[in-house]
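Q: pasting the structure only:
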Ligand code: GDD
């Protein structure tokens with residue numbers, strides 16, 4: 001039996017995702033027309049003997065209630081949201097709900113970060129994990145040497161795949177192989193986390209006895225019940241024949257900023273071609289708009305037949321796209337209206353926003369740059385014939401003049 005756990009974090013995390021995370025918890029932000037967390041959940045569905053999916057976070061329960069009940073019905077696998085009263089770290093959060101997770105007596109626990117975009121090769125990883133016979137297996141990918149320090153860098157044995165060395169976001173280069181935030185563990189992981197708690201308590205008690213040292217280290221010490229999977233578990237267990245790696249050659253991205261979400265949308269749309277081609281707009285039929293490349297259009301959206309859409313566009317529920325509109329590489333959220341002959345390129349258009357006739361909302365499309373895409377927050381109105389380039393517009397603004405390279409508060 002296998003239980004899957006997806007760590008979704010909470011409102012104090014995901015701040016780089018603003019202004020989009022002001023409206024919706026980041027894990028529910030749509031990529032390729034489906035909530036971010038939906039993609040790993042779908043990937044879990046094909047794991048043999050999967051009995052339960054848990055989402056663990058510190059968002060309010062009601063924020064996930066609708067989604068969780070809809071997806072449970074759709075998948076016919078129970079999906080449940082478990083709320084932490086406060087952040088306990090990525091391993092502490094898991095430990096908090098040990099009793100729920102162990103209720104199904106799983107032989108394996110699949111643990112996923114919700115903010116990664118991947119093909120999640122979970123069945124193959126599970127097979128590899130069983131062959132290795134360790135406590136845990138990490139999904140690993142090779143990245144450029146310059147970008148590696150944003151992640152956990154690691155060294156693995158090229159023959160046995162054993163994890164030999166692990167450093168979280170190191171200042172000096174260790175390796176271009178990084179931790180993808182996708183794991184398979186045996187239930188012994190709970191013993192390892194318990195070990196860290198015990199160690200913390202002992203250190204805290206010793207400090208209490210030595211008040212001078214307590215004063216010195218009070219600011220540095222983590223709460224006793226806060227355990228990070230990477231620093232506190234992976235680093236110390238590396239090189240002890242307990243952890244192994246499984247390298248993917250497929251796509252993988254970390255989703256920390258809105259810019260990257262446009263790139264991830266493209267990756268998931270391309271994956272639909274193989275997994276769920278019916279979700280891609282076909283452009284067949286005389287009443288359909290012209291479709292170029294991979295495009296998702298929600299069935300409730302209305303797109304004028306003279307509009308030209310794609311590549312890499314997703315259009316959410318109840319959006320209205322007018323005559324002659326051109327959309328390229330963008331995410332159009334619920335209830336947006338785009339009027340005649342407007343153009344949107346490399347942009348995210350927030351819920352209930354409107355873009356006037358002959359207006360342009362665009363950016364250069366450098367997904368890593370701060371203003372590399374244009375973002376309109378919720379209920380932004382761009383009036384007719386206005387041009388907005390490389391800018392971020394906070395919710396509820398009305399723009400009646402053009403802007404470039406600005407954050408409009
Ligand atoms: N429930 C809960 N509670 N979730 C948490 C908590 C917590 O206290 N803290 C973090 N998370 C979730 C986040 O939402 C995210 O999905 C995941 O756990 C990891 O978050 P961080 O611990 O903030 O690490 P990170 O995202 O900067 O880096 C981790 O992931 C990278 C891959 O994306 C590290 O493991 C890196 O080594 C790794 O490369």
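A: Perfect, thanks for sending it. Here the structure is a predicted model, which means the values were calculated and not measured. Residues are numbered from 1 along each chain as shown.

Q: what average pLDDT does stretch 91-110 get?
A: The average pLDDT within stretch 91-110 is 97.

Q: check which residues of that stretch are buried.
A: 91-97, 101, 106, 108-110 (16 or more other Cβ atoms under 10 Å). C-beta coordinates here come from the backbone N, C-alpha and C atoms, glycine included.

Q: also near the ligand: which of the residues you listed, exactly?
A: Among the buried residues of stretch 91-110, proximity to the ligand is found for residue 93 (Cβ under 6 Å from any ligand atom).

Q: which two of the buried residues of stretch 91-110 have the greatest separation?
A: 92 and 108 (20.6 Å; Cβ to Cβ).

Q: what parts of the stretch 251-400 of the chain come near the ligand?
A: Counting by Cβ under 6 Å from any ligand atom, the stretch 251-400 of the chain sits next to the ligand at residue 254.

Q: so where do the helices sit in the stretch 251-400 of the chain?
A: With DSSP state H, counting those that start in this stretch as the criterion, the stretch 251-400 of the chain has helices at 258-275.

Q: taking it, what residue is nearest to the ligand?
A: Among all residues of the stretch 251-400 of the chain, residue 254 sits closest to the ligand, at 4.1 Å; criterion: Cβ to the nearest ligand atom.

Q: tally up the residues packed near that residue, please.
A: Counted with other Cβ atoms under 10 Å, the neighbours of residue 254 add up to 19.

Q: leaving out chain neighbours, which residue sits closest to it?
A: residue 116 (5.6 Å; Cβ to Cβ, 6 or more residues apart in numbering).

Q: surely the one you found touches residue 183?
A: No. Contact criterion Cβ atoms under 8 Å: residue 116 and residue 183 do not qualify, at 11.4 Å.

Q: who's in contact with the single nearest residue of the stretch 101-250 of the chain relative to the ligand?
A: Nearest to the ligand in the stretch 101-250 of the chain, going by Cβ to the nearest ligand atom, is residue 152, at a distance of 2.5 Å. By Cβ atoms under 8 Å, 6 or more residues apart in numbering, the contact list for residue 152 reads 166-169, 178-179, 230, 234.

Q: now for this protein, the helix or strand with the poorest mean pLDDT.
A: The least trusted helix or strand in the chain, going by mean pLDDT, DSSP states H and E, turns out to be helix 211-217, with a mean of 59.

Q: contacts only, for the residue nearest to residue 254.
A: By Cβ under 8 Å, 6+ apart, the contact list for residue 116 reads 40, 180-182, 252-255.

Q: now do residue 363
A: 345-347, 371-374, 389-391.

Q: what about residue 64, helix or strand, and which?
A: helix 61-75 (DSSP states H and E).

Q: could you report the neighbour count for residue 164?
A: Neighbour tally, residue 164, other Cβ under 10 Å: 17.

Q: neighbouring strands for the helix or strand where it lies, and are they parallel or not?
A: Assigned by DSSP H and E, residue 164 falls within strand 163-168. Using DSSP bridges, strand 163-168 pairs in its sheet with strand 152-156 (antiparallel).

Q: give the rounded mean pLDDT of stretch 309-319.
A: Mean per-residue pLDDT for stretch 309-319: 97.

Q: what's in contact with it?
A: 30-33, 262, 265-266, 269, 281, 289-298, 300-303, 321, 326-338.

Q: kindly check the end-to-end length of stretch 161-179 for me.
A: End-to-end distance for stretch 161-179, by Cα to Cα, to the nearest Å: 14 Å.

Q: before we move on, back to that, distance of the residue nearest to the residue of the stretch 101-250 of the chain closest to the ligand when sequence neighbours are not counted from residue 132?
A: In space, and not counting its chain neighbours, residue 152 is closest to residue 179: 3.6 Å by Cβ to Cβ, 6+ apart. Noted for residue 179: a distance of 16 Å to residue 132, by Cβ to Cβ, to the nearest Å.

Q: what's near enough to touch the residue of the stretch 1-150 of the chain found nearest the ligand?
A: Among the residues of the stretch 1-150 of the chain, residue 9 lies closest to the ligand, at 2.5 Å counting by Cβ to the nearest ligand atom. Residue 9 makes contact with 26-27, 57-59, 87, 114-115, according to Cβ under 8 Å, 6+ apart.

Q: so can I have TSV of these showing distance to the ligand?
A: Converted to TSV, the contacts of residue 9 look like this (distance: Cβ to the nearest ligand atom, whole Å):
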residue	distance to the ligand
26	8
27	8
57	4
58	6
59	9
87	3
114	5
115	5
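
Q: pipe those into JSON lines and attach distance to residue 17 per row.
A: Formatted as JSON lines, the contacts of residue 9 follow (distance: Cβ to Cβ, whole Å):
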{"residue": "26", "distance to residue 17": "5"}
{"residue": "27", "distance to residue 17": "10"}
{"residue": "57", "distance to residue 17": "14"}
{"residue": "58", "distance to residue 17": "16"}
{"residue": "59", "distance to residue 17": "13"}
{"residue": "87", "distance to residue 17": "17"}
{"residue": "114", "distance to residue 17": "12"}
{"residue": "115", "distance to residue 17": "9"}
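
Q: this completes my enquiry, with thanks.
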